[in-house]
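[1] quick one, structure for this:
(one chain, ligands or ions: 2)
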Amino acid sequence: DLYSSITHLQSALYAERDIAKEIRDYVQSEQERLQKLNRLADEFESHSATALQDPDKYMGNPVNAYLFVKHFTLDWDNDIDVIIRNNSRQELSSKIDEMRQFLPTYEDLSGSVNALLRLQDTYKLDTAELASGNVGGVSSNELSAWDCFELGRLAYNNEDFYHTIMWMDEALSKLNKGTTDTGVKRADILDYLAFSLYKQGNVRRALKLTNEMLVLAPDHPRANGNKDYYEKLLKEEDLNTEKRGDDGDIINNRQLDEYRSGKEYSTYEALCRGEDVKENKYRHRLVCRYTNKNNNPVLILAPAKEEQLYLDPYVSMFHDSIRDHEIHLIKHLATPKLDRATVHNPKTGKLETATYRVSKSCWLSGRDSPDIEKINTRISAVTGLSMDTAEELQIANYGIGGQYEPHFDFARRREPTAFEMEVGNRIATFMFYISDVPAGGATVFPYLGLKIFPQKGSAVFWYNLFKNGEGIYDTRHAACPVLVGSKWVSNKWIHERGQEFRRPCGLKEFE
Ligand SMILES: O=C(O)CCC(=O)C(=O)O
Ligand SMILES: [Fe+2]
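    Ligands and ions are numbered 1, 2, ... in the order given. Now for the predicted structure:
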């Protein structure tokens, strides 16, 4: 999901605008064509009316006969046919077909639904709140009963009955509130809802809803069969087990938690929601300070504003460490572009304007711009580390739901290729936030209990390796799913080689 990019959907917005223009042009030319057709009908009417007064006399005139015949042969092919035929409609639909490549697909639809459902779980978002257009405090468009129904249906197709129930319930309640929705019928919602409830073990409510459905659609074949089946199941249950005592809504968060195995994942999700999961051991010793390692001249006028976040392992944040114009440049260099170009179309043999998606590299170096080189110099000044073995600046853009699950930035012993690298392992990570994120998208360290919410222009820095070269496993970290907005980060990985004098190796972890 690292690159689940929002820029793709943004390109679709341009395509939407262009399609609107094509439709307007089409309507305009159609209106002109219809006017011409009207005039043509007028001409035909008056001509035939005159001629039919005395057809023998009229056609007996050779000039009249010639003009009449010419009208339906030469004139027809040259002018009239063009007016009658609707070429522009063909043209419109082929232009729209051409633009389809930029428009969202069914794959995007299921991607966006999966993202939404995942966010709903991670951030414990209430279905009704979400449907009313409140995404964790940020407002969005409201969902209609039909929108909720389709969301539930997509979950159902993935056999995700848990979410099907939530969204079908919401579709029902929207319908009950009497929104003027024609897209979905109550019986259809009940159909999906009842079956999903049965699948999740809630036979009692499944039966109740199936009975309700049979009132609306008495001849529904599946519902009649299901009703008998559910009744049989419940009778057996009554005979074999004690009563549960309620109407058995056993779908709750506890079930979901059990489904999500592993404590790390739940710590990760709790941190993402902004919960405090651990006391920071170093809280009383952390400082905010101006740093200038090695009295680097780059920083004498504007020392780096450092905020320590953790001491062992060392994690800190550098505020205002990249300028707006640099951020602008980085995004510009890294964004896939829609370019218009005039090209030769082999089908028509003409020069035509076409729209292309031009993909730019997500890795930037000093070769791309001298400003990127300046950024390197600054990272070196701030961290005191050499940039000789730093990788190119890596740009990542996370769209809605985009996340990066817990991982290490250094290579483990069992990944031999990384150890064969001449530049060594990744000794440290320096990561810029180059956007704000309205909701979600924190960087979290589950073992340290650290949660860092992106601030445009700030950077996070940490060491991945002890002085003896061993990996610091406590640096395991993750990027939380983006709830609202688009998150941009830019990573600089710094390697061991070249740091011999700046951060000398030791035999132990710290000496
Ligand atoms: O985007 C983030 O917050 C973390 C990214 C990260 O850990 C990585 O790219 O290695
Ligand atoms: Fe990372």
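[2] which residue sits closest to the residue in the stretch 101-250 of the chain that ligand 1 sits nearest to, ignoring its sequence neighbours?
    Using C-beta to the nearest ligand atom, the closest approach of the stretch 101-250 of the chain to ligand 1 is made by T122 at 14.5 Å. Every C-beta, even on glycine, is put in place using the N, C-alpha and C of the backbone. Spatially, and ignoring its direct neighbours in sequence, T122 is nearest to E269 (5.0 Å; C-beta to C-beta, 6 or more residues apart in numbering).
[3] in this structure that neighbour contacts R118, no?
    No: counting by C-beta atoms under 8 Å, E269 sits too far from R118 to count as a contact (10.2 Å).
[4] which of these two has more residues huddled nearby?
    E269 (21 against 16; other C-beta atoms under 10 Å).
[5] ok, that one to L309 distance?
    20 Å (C-beta to C-beta, to the nearest Å).
[6] so where is the stretch 401-511 of the chain shaky, pLDDT-wise?
    414-421, 507-511 (pLDDT under 70).
[7] can you show me the helices along it?
    416-420 (DSSP state H, counting those that start in this stretch).
[8] near ligand 1, which residues of it? Just list them.
    Y404, D409, T443, H477, A479, V489, N491 (C-beta under 6 Å from any ligand atom).
[9] now the third one: closest residue in space, sequence neighbours ignored.
    Counting by C-beta to C-beta, 6+ apart, T443 lies nearest to I452, which is 4.6 Å off, once chain neighbours are set aside.
[10] ok, the one you found - how many residues close by?
    Other residues close to I452 by other C-beta under 10 Å number 19.
[11] now L13
    L13: 10 neighbours (other C-beta under 10 Å).
[12] just to be sure, it is in a helix?
    Yes: counting by DSSP: H, G, I helix; E, B strand; the rest coil, L13 is found in a helix.
[13] how close does it get to A20?
    11 Å.
[14] what's the answer for L333, then?
    On the measure of C-beta to C-beta, L333 and A20 end up 30 Å apart.
[15] what do you get for H71?
    40 Å.
[16] looking at the two, which is more packed in?
    Comparing H71 with A20 by other C-beta under 10 Å, the one with more neighbours is H71, at 15 against 10.
[17] could you check how far the more buried one is from D77?
    For H71 relative to D77 (C-beta to C-beta), the value is 11 Å.
[18] same check, this time on F195
    62 Å.
[19] now do L329
    58 Å.
[20] so between these two, which is more surrounded?
    L329 (17 against 10).
[21] which ones are touching the residue of the stretch 101-250 of the chain closest to ligand 1?
    E269, C272, R273, G440, C480, P481 (C-beta atoms under 8 Å, 6 or more residues apart in numbering).
[22] what about K305, how many neighbours?
    So K305, with other C-beta under 10 Å, has 16 neighbours.
[23] buried set for the helix or strand where it lies?
    Per DSSP states H and E: K305 is located in strand 304-310. Residues of strand 304-310 classed as buried by neighbour count (16 or more other C-beta atoms under 10 Å): A304, K305, E306, Q308, L309, Y310.
[24] now the first one: closest residue in space, sequence neighbours ignored.
    Nearest in space to A304, with sequence neighbours left out and distances taken as C-beta to C-beta, 6+ apart, is V382 at 4.5 Å.
[25] how close does that neighbour get to ligand 1?
    19 Å (C-beta to the nearest ligand atom, to the nearest Å).
[26] verify the stated contact: that residue with Y290.
    No: taking contacts as C-beta under 8 Å, V382 lies outside contact range of Y290: 10.9 Å.
[27] looking at these two, which is more packed in?
    V382 (24 against 10).
[28] mind checking the SS state of the more buried one?
    Classified using three-state DSSP, V382 is helix.
[29] could you count how many residues lie near Y66?
    10.
[30] do you know how far it is from L74?
    11 Å.
[31] what does the stretch 251-400 of the chain have sitting close to ligand 1?
    Counting by C-beta under 6 Å from any ligand atom, the stretch 251-400 of the chain sits next to ligand 1 at A396.
[32] what ranges does the stretch 251-400 of the chain have for its helices?
    253-259, 263-272, 324-334, 370-383.
[33] mind putting these in CSV, distance to V215 and mean pLDDT included?
    Shown next, in CSV, are the helices of the stretch 251-400 of the chain (distance: least, C-beta to C-beta, whole Å; pLDDT from 0 to 100):
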stretch, distance to V215, mean pLDDT
helix 253-259, 31, 41
helix 263-272, 42, 88
helix 324-334, 57, 90
helix 370-383, 68, 90
